[in-house]
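Undergrad: coords please:
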Amino acid sequence: MTINQRGRLAELILIETLLRSGYNVDVTINNDQRYDVRANINNGKVSHRIQVKAVSEDLATNSKFVYTHKKVHNSLTTKSYVYTYKDVEYLAAVDIEERRSYLIPIKFLIDNSTRINLSKIMPFEIKKISKGVELSTQQKGMICELMCQQELIKRSYRVSLPLSADSPYDMIIDSGEGLKRVQVKMLQKPKGRGGAFIRLIAKTYSKTKCKVRRYSKENVDYICGVDLASRDMYFIPIEYLEDKKTSIAVSQVPQYLL
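TA: Numbering: from 1, shown residues only. Reported below is the predicted structural model:
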């Protein structure tokens, strides 16, 4: 992966971790911002600015570390910019390989150099899913989309997201051989029934009725079914699904498991 891909992957892992832990998260789309996401960390009324950094490895010492500064380039020189409390409240270090995230208060880093070893920030790890957190259907859907994006970036696809909320697909991927539209669906696991399935329809509600829309090759190219717990993903061409009913069991599509 390129440096940019690792950076983007680190952001996605952090956002997923924060959502699973019950935090509200906003993502900045301005490249000139000195933070990547905002999140309500202490369950108060104020959102906190977070700069995300992927953990690096020092092969000479066989240790992991994270940079606490940003390199600013111009036509003549390269300067190091150290983050301060004026820019962010937290720096998030994300270990991509281990899928671990560390949320470090910026005041802890002010007296450090431009990098800090991972061993020193272990107490700041964001723990696994909190037992008391009940995720909404919307949050679960967002997490599934984040998981799909992560897997595609790992496989060197370029991923783009639509700005329109009424888009019939969740993302576009570019493999270098054309653009493909992808709709992400969370696997459904009804209690008392064996097996999981993927819904092949979308429902939109108004004050008076529920409108059901079926996915077809006119609006998507792939359906990605995501298991929220196991992280299993089924990447299915829409042509395979067009003669199916409103859902399909994952036992019918094992060949499309990523």
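
Undergrad: backbone dihedrals for Val82, please?
TA: Dihedral pair for Val82: phi -90, psi 130, per degrees, to the nearest 10.

Undergrad: how about it, nearest residue that isn't a chain neighbour?
TA: Spatial nearest neighbour of Val82, excluding adjacent residues (CB to CB, 6 or more residues apart in numbering): His69 at 4.6 Å. Yep, even glycine has a C-beta here, placed from its N, CA and C like the rest.

Undergrad: do a quick rundown of the helices in the stretch 151-258 of the chain.
TA: 238-241 (DSSP state H, counting those that start in this stretch).

Undergrad: quick one, strands of it?
TA: Under the criterion DSSP state E, counting those that start in this stretch, the stretch 151-258 of the chain carries strands at the ranges 158-160, 171-174, 179-186, 197-199, 201-205, 210-214, 222-226, 233-237, 247-249.

Undergrad: which of the ones you listed comes out lowest on mean pLDDT?
TA: Here the strands of the stretch 151-258 of the chain differ in mean pLDDT, and the lowest is strand 201-205 at a mean of 78.

Undergrad: same for it, what does it pack against?
TA: Secondary-structure packing of strand 201-205 (3 or more CB pairs under 8 Å, 6 or more residues apart in numbering; DSSP states H and E): strand 210-214.

Undergrad: give me the angle between the strand it packs on and strand 201-205.
TA: Orientation check (axes from the mean of the first three to the mean of the last three CA atoms, to 10 degrees): strand 210-214 against strand 201-205 gives 160 degrees.

Undergrad: check the offset of strand 210-214 from the chain's centre.
TA: The chain centre lies 27 Å from the centre of strand 210-214; the measure is CA atoms, centre = their mean, to the nearest Å.

Undergrad: tell me which strands it pairs with, and in which orientation.
TA: Sheet pairing for strand 210-214, assigned by DSSP bridges, gives strand 201-205 (antiparallel).

Undergrad: what residues does the strand it pairs with touch?
TA: Outside strand 201-205, the residues within contact range by CB atoms under 8 Å, 6 or more residues apart in numbering are Pro168, Cys210, Lys211, Val212, Arg213, Arg214, Tyr215, Thr246, Ser247.

Undergrad: dump it to PDB, keeping only the CA atoms.
TA: Output of strand 201-205 as PDB, limited to C-alpha atoms (Å, rounded to 0.1, in the frame of the first residue of the first chain):
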ATOM      1  CA  ILE A 201     -34.100  -4.500  -1.900                       C
ATOM      2  CA  ALA A 202     -34.000  -1.000  -0.400                       C
ATOM      3  CA  LYS A 203     -36.900   0.600   1.500                       C
ATOM      4  CA  THR A 204     -37.700   4.300   1.700                       C
ATOM      5  CA  TYR A 205     -40.500   5.600   3.900                       C
END
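
Undergrad: quick one, that strand and strand 179-186 angle?
TA: Between strand 201-205 and strand 179-186, the angle comes out at 70 degrees (the same axes, to 10 degrees).

Undergrad: picking up where we left off before, buried among the contacts of strand 201-205? Need that as a selection in ChimeraX.
TA: Listed next is the ChimeraX selection for buried residues among those, using 16 or more other CB atoms under 10 Å:
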select :215
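
Undergrad: I'd like the contacts of strand 201-205 as CSV, with distance to Tyr256 appended.
TA: Converted to CSV, the contacts of strand 201-205 look like this (distance: CB to CB, whole Å):
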residue, distance to Tyr256
Pro168, 20
Cys210, 29
Lys211, 28
Val212, 24
Arg213, 22
Arg214, 19
Tyr215, 15
Thr246, 18
Ser247, 15
